[in-house]
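S.K.: could you look at this predicted model? Sequence included:
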Amino acid sequence: MFNLTLSFSQFGIQKTHFQLYDCQNECLKTKQLQRDKQPIHLVTIKIRQLLQFNQTISVIPRILTQPTAAVYNDGLDNENYDLIVRLDDVIINEKTGNQYIAKELLGVGTFGSVYRCVKNNTNFAIKIIKNINAYNIQSMKEIKLIRFLNKKQEHESIIKLIDYFLFKNHVCIVFPLLGFNLEELLQETKYQGLSLHMIKNILKQLIAGLEFLHSLHWVHCDIKPENILFTDNTAKQIQIIDFGSATELNINLYYYIQSLYYRAPEIILGYKKTCAIDMWSVGCVAAQLYLGYPLFQGTSSFDQLSKILGLISITNQELIQNSPKCQDYFIKENQNYVLKNLKKYQNEYNLNLHDPGIQNITNIQELYLEFNKSSLRTIQEMATMEDFLDLLKKLLEFDPALRITASQCLQHPFLRDFQFNINDILKQDLQYQ
């Protein structure tokens, strides 16, 4: 029921009983009404107008984007050229009429921001690219590639493209809303690592997706835990995302690709990319899933190479000798090339690098020794661990020409006959956590 006393008090009317002469006398005292006595119907109209105005006042929607201050694009973008998005903003594909309502910021990257949006009660993830020409060009390449991949085959390990359009001078790419990524999964384990059964499930799907990509002569160039997501919270099906750095095999790049911890040694040494660089990254991811932390935690390209060479031996010296960056990183002693020490490298290039990170593992076989400490291991589990280490060695082969391919991986004993079973995962995780 309408609360007459409360509503009238908002306009300076304090009487608890509505009487004609009281209403007229009180209205004469307010600044909203004319000084002369007015008919009751005019008072009623003005009160209704004020009530209507009062009901239209709303709180300004919360800004999801950071920083929030408007700088570019006629006040639409912040200082980082990101579109300023508020809660419940409607992001529209004007060609199709599709409308997506912004609900939360999911993440921020080099190329833009990702938001959870809702359309027809369905959640989507929208990547809104920064309003920078180079990024727009790169994003259009990503759209073109994912459309190409989806058209060839809707591979269950490759992200699906839902929609794309230009909105307020920003390229927007719409994907299904997926679950958590592998980095977040490791956080949940407090960086203690995953069971071998869980690792098998992830690797088989990841490598199957890369086999499909490589068969079409494309390289992802940025395989890492953050770019591998579960489709939902069941932690069963994964998909590869972020094809913004992907390139065709026949296109040469003259800048560093891949995130540092997952960067193949041939890229550091200046060689042309091949599909083998993705397989190196898979090896780094596989080791991290088991250990709980990155295997090679370099602080620079030089330190990363140092970490790799501290664990992986070079059987072919010609790889170093013929490297475009041989003189940058190595000196020749007798007939072998040896990595320069950090001080010499810094002095030559007038650099002040961070202190090298700690190398936790000095030999892949140490993983087996750690695994073997538990008296609970069965013969079958020990054999599975041996298969895992064998696959890891083949993935982390220094020579890209000898490194195992995606197709070969799927035929490796560690993955060949694997069938996903959630009960096996729960059993192992509870027993060995």
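M.R.: Arrived safely.
S.K.: give me the below-cutoff pLDDT ranges for the stretch 151-300 of the chain.
M.R.: 254 (pLDDT under 70).
S.K.: would you list every one of the helices in it?
M.R.: Applying DSSP state H, counting those that start in this stretch to the stretch 151-300 of the chain gives helices spanning 182-188, 196-215, 265-268, 276-291.
S.K.: can I assume residue 169 is in contact with residue 132?
M.R.: No: Residue 169 lies out of contact with residue 132 (C-beta atoms under 8 Å); the separation is 10.4 Å. Backbone N, C-alpha and C define where each C-beta goes, glycine included.
S.K.: max-length strand in the chain?
M.R.: Using DSSP state E, we find that the single longest strand of the chain is strand 99-108.
S.K.: ok, and for that strand, which residues are buried?
M.R.: Buried residues in strand 99-108, defined by neighbour count with 16 or more other C-beta atoms under 10 Å: 100, 102, 103, 105, 106.
S.K.: what's the closest of these to residue 120?
M.R.: Residue 120 has its nearest neighbour among these in residue 100, at 9.8 Å by C-beta to C-beta.
S.K.: domain map for this structure?
M.R.: For the chain, automatic domain parsing gives the domain ranges 4-56, 90-176, 182-432.
S.K.: dump those into a markdown table; add distance to residue 63 as well.
M.R.: Formatted as a markdown table, these follow (distance: least, C-beta to C-beta, whole Å):
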| stretch | distance to residue 63 |
| --- | --- |
| domain 4-56 | 21 |
| domain 90-176 | 10 |
| domain 182-432 | 25 |
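S.K.: what segments of the stretch 251-400 of the chain are strands?
M.R.: 330-333, 336-339 (DSSP state E, counting those that start in this stretch).
S.K.: tell me the most buried of those strands?
M.R.: Most buried of the strands of the stretch 251-400 of the chain, by mean neighbour count (mean count of other C-beta atoms under 10 Å): strand 336-339, with a mean of 15.
S.K.: so what strands line up beside that strand?
M.R.: Applying DSSP bridges, strand 336-339 is found paired with strand 330-333 (antiparallel).
S.K.: related to what we said a few turns ago, figure out which of the domains of the chain is closest to residue 68.
M.R.: domain 90-176 (11.5 Å).
S.K.: check pLDDT for the buried residues of strand 99-108 and point me to the minimum.
M.R.: Ranked by pLDDT, the buried residues of strand 99-108 bottom out at residue 106 (95).
S.K.: can you tell me which residues contact that one?
M.R.: For residue 106, the contacting residues are 114, 115, 116, 125, by C-beta atoms under 8 Å, 6 or more residues apart in numbering.
S.K.: same question for residue 177.
M.R.: 116, 123, 124, 125.
S.K.: quick one: buried ones out of the residues you listed?
M.R.: Applying 16+ other C-beta under 10 Å to the contacts of residue 177 flags 116, 124, 125 as buried.
S.K.: tell me the secondary structure of the second one, please.
M.R.: When the structure is split into helix, strand and coil by DSSP: H, G, I helix; E, B strand; the rest coil, residue 124 lands in strand.
S.K.: how far away is the residue lying closest to residue 410 once chain neighbours are set aside from residue 418?
M.R.: Distances taken as C-beta to C-beta, 6 or more residues apart in numbering place residue 207 nearest to residue 410, at 6.0 Å, with adjacent residues excluded. Here the criterion is C-beta to C-beta, to the nearest Å. By it, residue 207 lies 11 Å from residue 418.
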